[in-house]
Every structure is written in C-alpha cells, then in structure tokens.
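J.: Test case, fold it:
(one chain, ligands or ions: 1)
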Amino acid sequence: MEDIRIGLGFDSHEFEEGKEILLGGVRIDSPYGLRGHSDADALLHALTDALLGAVGEEDIGSLFKDTDPRWRGASSEIFLSEALRRVSSKGYRIINIDCVVIADRPKIAPYREKIRDNLSRLLGIGKERISVKGKRQEGFCRADGLACICSVLLAGKI
Ligand code: MG
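T.: Here you go, the predicted structure:
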C-alpha cells in the first residue's frame, strides 16, 4: 500500500544591491540580488522546506543555521540534496512539485522553462512533474523583495 505525503514550504528574501538573483539554481538577470547568508535562492529554500516537512523533518533554518559560517555563500543545492537524501532514506519518492514565485520584478516567465529544466535535473524527476509560475505581488508583500511557495507530493510504501 502507498503512503502519500504532502509538504509545503515558504521563503522570502529582500533585494540587495551588488548581489545576484538565483531562483531554482538559475541565474536571473537583474540589477540587484537577494540578501541572505547562503546564495539566497528562495525557491530552493521553499522547496527544501516542503520536502523536509513532508517527511516530518526539522525545517531548513534548524538544519542549516544562518549563524553557521559553513553556509556563508553556500549553494542552496547543498540544502536541497540533504532534504532529498532524507526523503529517499525514508522510502519516499516525489510525485510532483508546484512552485509559485511572488514578485513584481524580475519577471519570472522568461526563466520558467530553464528553472523547470534545472529542477528536473536536481530532483531527478521528469519536467512534466514540475510546475513553476510567477505571480505579481498585488500588495501581498513588500516590493523590495520576493517570496516563494512550493508544495510537494511524495509517495512511499507504508
Ligand atoms: Mg531563505
């Protein structure tokens, strides 16, 4: 019998001059970047938290503390790969993921396919199982940053 798990992750980062924007591991052309201890990839952070949450693990901030010098400027692919390791070690696999990037700027649409391709590579699942979409903020949050929400569905044997 299959055990189905759902996970939800959220993350937000402020813009900062002189840095770059990475979303889903893809470099986004922008005059400003995202502030953060690691590479500030809000999409990978939200996705990592969704995977960890689905299997009842601690959240990303507890596992990879932003006071730990090991994670200063670190690639968020490290966090995602540890979450994936925990998911598969508990016998689960990803059925699909759905991600929303909430930002007035930069526009996400031109990067959507590139992000899906990269997530497909990082997660080892088909692109048809990955959705990424951009939404304008419309007053939801401050305009000097962006936010990401990701949900994941996992299946495993009971
Ligand atoms: Mg973050």
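J.: OK, now which residue of this structure is nearest to the ion?
T.: In the chain, the residue found nearest to the ion is residue 45; the distance is 3.6 Å by CB to the ion. Yep, even glycine has a C-beta here, placed from its N, CA and C like the rest.
J.: Residues touching the lowest-mean-pLDDT helix or strand in the chain, excluding its own?
T.: The helix or strand of the chain with the poorest confidence is strand 32-34; it has a mean of 91 (mean pLDDT, DSSP states H and E). Residues outside strand 32-34 that contact it (CB atoms under 8 Å, 6 or more residues apart in numbering) are 13-22, 40-42, 145-146.
J.: Go through those residues and say which is closest to residue 125.
T.: Using CB to CB, residue 41 comes nearest to residue 125 of those, at 18.6 Å.
J.: so what's the residue of the chain closest to the ion up against?
T.: Contacts for residue 45 (CB under 8 Å, 6+ apart) come out as 9, 11, 60, 76, 79, 148.
J.: The third one is in contact with residue 51, isn't it?
T.: What that stands for is residue 60. No. If you go by CB atoms under 8 Å, residue 60 and residue 51 don't touch, sitting 9.5 Å apart.
J.: How many residues are close by residue 58?
T.: The tally of other residues near residue 58 (other CB atoms under 10 Å) stands at 12.
J.: before we move on, back to that, just give the strands next to the least confident helix or strand of the chain in its sheet, each with its orientation.
T.: If you go by DSSP bridges, strand 32-34 pairs up with strand 2-17 (antiparallel).
J.: Show me where this structure dips below the pLDDT cut-off.
T.: Along the chain, the model assigns pLDDT under 70 to no residue.
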